[in-house]
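# No sequence on hand, only this structure:
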């Protein structure tokens, strides 16, 4: 719980004349050689997410990612498949996003690309959290359902793998090569 008084809706922070904005402070600290997001956050009193977003928008730091930083900036080779294509404005937008995530997840699965599948899952979790934490429960539920289905698939696959191991153990182990 914050001890700071809440601002009235629509109220703007009044800054002393000549005092730089928090955004300007963040950029200035970064340009002066302070490169750690968490250090800048402590000094400016901002959340690391905000610092990361400000630096990304200014084109100064592309290596910080979290729930609130834009997905338009590449985290890895998979980011480009999702950049600026996901949303949760309404239920239909969330469904379209899940359809894209599902299609890419299955493509990565066919290619045996576990890192790609992981990125698809991470994008679904990101959209779920963003939706629910902005009061879009119905939209968040669409992402949650998709993730639950993938987790159920993984549990079934694990059960199958365990069953196959039991068969191998009963047969004295699987031979490395066929005679």
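Done, it's in. In this text the structure is predicted, and so the values were computed from the model without any measurement. Numbers count the residues shown, from 1 in each chain.

# alpha carbons only for contacts and neighbour counts from here, please
OK.

# The most centrally placed residue in the chain and residue 112: what is the separation?
The centroid of the chain falls nearest to residue 126 when counting by C-alpha atoms, centre = their mean (3.8 Å). Going from residue 126 to residue 112 by C-alpha to C-alpha, to the nearest Å gives 23 Å.

# sorry, back to before: tell me the spacing between the residue nearest to the centre of the chain and residue 17.
Distance from residue 126 to residue 17, counting by C-alpha to C-alpha: 39 Å.

# wait, what's in contact with residue 41?
47-48, 51 (C-alpha atoms under 8 Å, 6 or more residues apart in numbering).

# Where does residue 118 fall, secondary structure wise?
helix 114-132 (DSSP states H and E).

# Quick one: list the elements packing against that helix.
Under the contact definition 3 or more C-alpha pairs under 8 Å, 6 or more residues apart in numbering; DSSP states H and E, helix 114-132 sits against helix 91-110, helix 137-170.

# Give me the residues contacting that helix.
Outside helix 114-132, the residues within contact range by C-alpha under 8 Å, 6+ apart are 67-68, 78-79, 82, 86-88, 98, 101-102, 104-106, 108-109, 137, 139-144, 146-147.

# try it again with 6 Å
Here helix 114-132 makes contact (C-alpha atoms under 6 Å, 6 or more residues apart in numbering) with 101, 105, 108, 140, 143.

# do the same with stretch 68-78
Residues from elsewhere that reach stretch 68-78, judged by C-alpha under 6 Å, 6+ apart: 49, 53, 83-84.

# Got the domain ranges for this structure?
22-57, 79-167 (automatic domain parsing).

# Can you get me the start-to-end distance on the shortest one?
Using C-alpha to C-alpha, the end-to-end distance of domain 22-57 comes out at 14 Å.

# quick one: it to chain centroid distance?
20 Å (C-alpha atoms, centre = their mean, to the nearest Å).

# picking up where we left off before, would you mind measuring from the residue nearest to the centre of the chain to residue 101?
In this structure, residue 126 and residue 101 are 12 Å apart, going by C-alpha to C-alpha.

# ditto for residue 84
For residue 84, the distance to residue 101 equals 13 Å [C-alpha to C-alpha].

# returning to that earlier point: tell me the angle the helix holding residue 118 makes with helix 91-110.
Relative orientation of helix 114-132 and helix 91-110, computed by axes from the mean of the first three to the mean of the last three C-alpha atoms, to 10 degrees: 170 degrees.

# And helix 114-132, how far out from the chain middle?
Here helix 114-132 shows a centroid-to-chain-centroid distance of 6 Å under the convention C-alpha atoms, centre = their mean.

# Tell me where the model's unsure across this protein.
1-16, 62, 67, 69, 160-179 (pLDDT under 70).
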